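structure for this input, please:
(one chain, ligands or ions: 1)
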Amino acid sequence: MLAQETSQLLKKHQIRLDRRKGQNYLTNDHILAKIIENAQLNDSDVVLEIGAGIGTLTLPLAEKSSKVVAFEQDKRIVRVLRERLHELGISNVEVMEGDATKMEFPYFNKVVSNLPYQISSPITFKLLNYNFDYAILMYQLEFAQRMVAQPGESNYSRLSVMMNLCTHTELLFNVPKNAFLPPPRISSAVIKLTPKKNPQADKFFANTCRALFQHKKKKSGKALLQSFHEISDLNLDRTTIRDLILKLDPELTEERVFKLNEKEILTISRELKELMEGYDEKNG
Ligand SMILES: C[S@@+](CC[C@H](N)C(=O)[O-])C[C@H]1O[C@@H](n2cnc3c(N)ncnc32)[C@H](O)[C@@H]1O
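Now for the predicted structure:
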């Protein structure tokens, strides 16, 4: 049903979808129903949708909520979406034309999106700056697995640490390639992401994480030494950096990066930040 409707609409408007723009449109009714069910919307919800396309998710979201704010970058697609909403008499959707990574988001309390994959990372980090109840998001499977990975697992990464510290993230279900038109090269997965109330990650923490994960298999003290430029732009010599690292908790600096959990990395970054502030004061 959805597959047929999608092909007909695209044909009518002579639109060829472009994979490079992340245009893989959901054509599986069952998956659509599962996404909507997991969103658990009510009539006071304001839903943010990134990459609305021709409205596959937008229409059921509009039916179940008070309002949908729908971002779409492709002008041709925006025209189809607006026409469709007009024809169906749907008036509670605000279509925002443009690049969602660069535009301010108006108020929303839930997010439901089948994300364009090339902006998965910037959009996820951008969402962390907003206050909302939860998000139901479709990602490439590999990215979703990295989001939920735990210390010691092979795909544990900087992204996993940030997600563990700032959110509760759960992989809800996998989605096969043939659920889309055109089918993407890799499978997808739907994630539920709930922001934690008191996010503790500041820029220093993010930089510490970046430095550590450049040497994921090394001991964390060694990783910090080798990538210290990611943390500070002070031009410190190697001996000074080594001395600073020696003052950190040795139980943590002797551990391999991929085995550290988010709280341990937070401890490293806090201790290091304090030491750096002390160093700054002493050296003017
Ligand atoms: C994976 S499709 C999802 C379409 C529809 N929501 C669905 O589920 O079938 C992603 C959509 O995001 C749009 N898009 C790509 N990059 C974007 C960006 N930076 N900002 C807003 N929309 C973007 C694409 O044009 C495409 O329509």
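
give me the nearest residue to the closest residue to the ligand within the stretch 151-284 of the chain, chain neighbours excluded.
For the stretch 151-284 of the chain, the nearest residue to the ligand under the criterion C-beta to the nearest ligand atom is Phe180, separated by 7.4 Å. C-beta here means a position set from N, CA and C on the backbone, and glycine is covered the same way. Leaving aside its sequence neighbours, Phe180 sits nearest to Asn24 (C-beta to C-beta, 6 or more residues apart in numbering; 4.1 Å).

what about the one you found, neighbour count?
By the criterion of other C-beta atoms under 10 Å, Asn24 has 24 neighbours.

could you do Glu153 as well?
13.

what does the one 3 residues further on give?
Here the count is done by other C-beta under 10 Å, and Tyr156 has 22 residues near it.

for it, give me its contacts.
Contacts for Tyr156 (C-beta atoms under 8 Å, 6 or more residues apart in numbering) come out as 146, 149-150, 216, 258.

among these, which ones are in strands?
When DSSP state E defines the strands, the subset of the contacts of Tyr156 inside them is empty.

and those residues, which of them are buried?
146, 149, 258 (16 or more other C-beta atoms under 10 Å).

of these, which belong to helices?
Arg146 (DSSP state H).

name the residues of the lowest-mean-pLDDT helix or strand in the chain that are buried.
Lowest by mean pLDDT, DSSP states H and E among the helices and strands of the chain is helix 262-283, with a mean of 88. For helix 262-283, the neighbour count (16+ other C-beta under 10 Å) marks 262, 264-269, 271-273, 276 as buried.

same check on stretch 61-71?
The neighbour-count criterion (16+ other C-beta under 10 Å) identifies 61-62, 64-65, 67-71 as the buried residues of stretch 61-71.

contacting residues for the closest residue to Ile268 other than its chain neighbours?
The spatially closest residue to Ile268, leaving aside those adjacent along the chain, is Leu252, at 5.4 Å (C-beta to C-beta, 6+ apart). For Leu252, the contact set (C-beta under 8 Å, 6+ apart) comprises 220, 260, 264, 267-268.
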